[in-house]
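Trainee: give the three-dimensional model of this entry:
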Amino acid sequence: MSVTRGLVYKFELYFPPGSSGLLRVAVEDGGHRLWPSASDEWFFGDNITVSFEDNYMVESDPHSFFIYAYNEDEGYAHEFQVRIGQASDPMFIQSLLPSIQMDTFAEDMAALIAAQDQSRSATRERAVAEADAIDAAEGETQNGE
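Mentor: Now for the predicted structure:
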């Protein structure tokens, strides 16, 4: 899902009637799980909207979220809708983040973005290490046969 540079201030996920909680959805940014925040959790529902406010800055390329979904229903396909509220105007962002003063806005935003980038990097490093360990274990299994 393409997004723009700026602040995500609202997230909504709609599950139309009929999925009976069998459709699972999660959103990531560059390998970092955003919503729900725990990597082993998924949103699910039936005729509900999951909606909440957030303060997530999108600054780094590629300016897109990855939406993952899987369906546990073998008989029917199910759909969902994702809606993102996002602001790119600094004055509007500041109105959503009243604790950030305009005189330190650039520095505060840089610190927030750096923290998010560090978190994404750590998540990527863990994922690569786990994949390498799986590859090594599979290689040992194949060599031992």
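Trainee: the longest helix in this structure is where?
Mentor: helix 105-144 (DSSP state H).
Trainee: per-residue confidence averaged over that one?
Mentor: For helix 105-144, mean pLDDT rounds to 74.
Trainee: packing partners of that helix?
Mentor: strand 32-35, strand 48-58, helix 90-96 (3 or more Cβ pairs under 8 Å, 6 or more residues apart in numbering; DSSP states H and E). For the C-beta atoms, the positions are set from N, CA and C on the backbone; glycine is no exception.
Trainee: and Y9, which of these is closest to it?
Mentor: Nearest to Y9, of all these, is helix 90-96, at 5.1 Å by Cβ to Cβ.
Trainee: would you mark the buried spots in the closest one?
Mentor: Neighbour-count burial for helix 90-96 flags I93, Q94 (criterion: 16 or more other Cβ atoms under 10 Å).
Trainee: also stretch 59-66?
Mentor: Those would be F65, for stretch 59-66 by 16+ other Cβ under 10 Å.
Trainee: what's the local residue count around A137?
Mentor: Per other Cβ atoms under 10 Å, the neighbour tally for A137 reads 10.
Trainee: which residues touch H32?
Mentor: Contacts for H32 (Cβ atoms under 8 Å, 6 or more residues apart in numbering) come out as Q116, S119, R120, T123, R124.
Trainee: what secondary structure does A38 sit in?
Mentor: Classification of A38 using DSSP: H, G, I helix; E, B strand; the rest coil returns coil.
Trainee: can you give me how far stretch 115-134 is from the chain middle?
Mentor: Stretch 115-134 has its C-alpha centroid displaced from the chain centroid by 15 Å (Cα atoms, centre = their mean, to the nearest Å).
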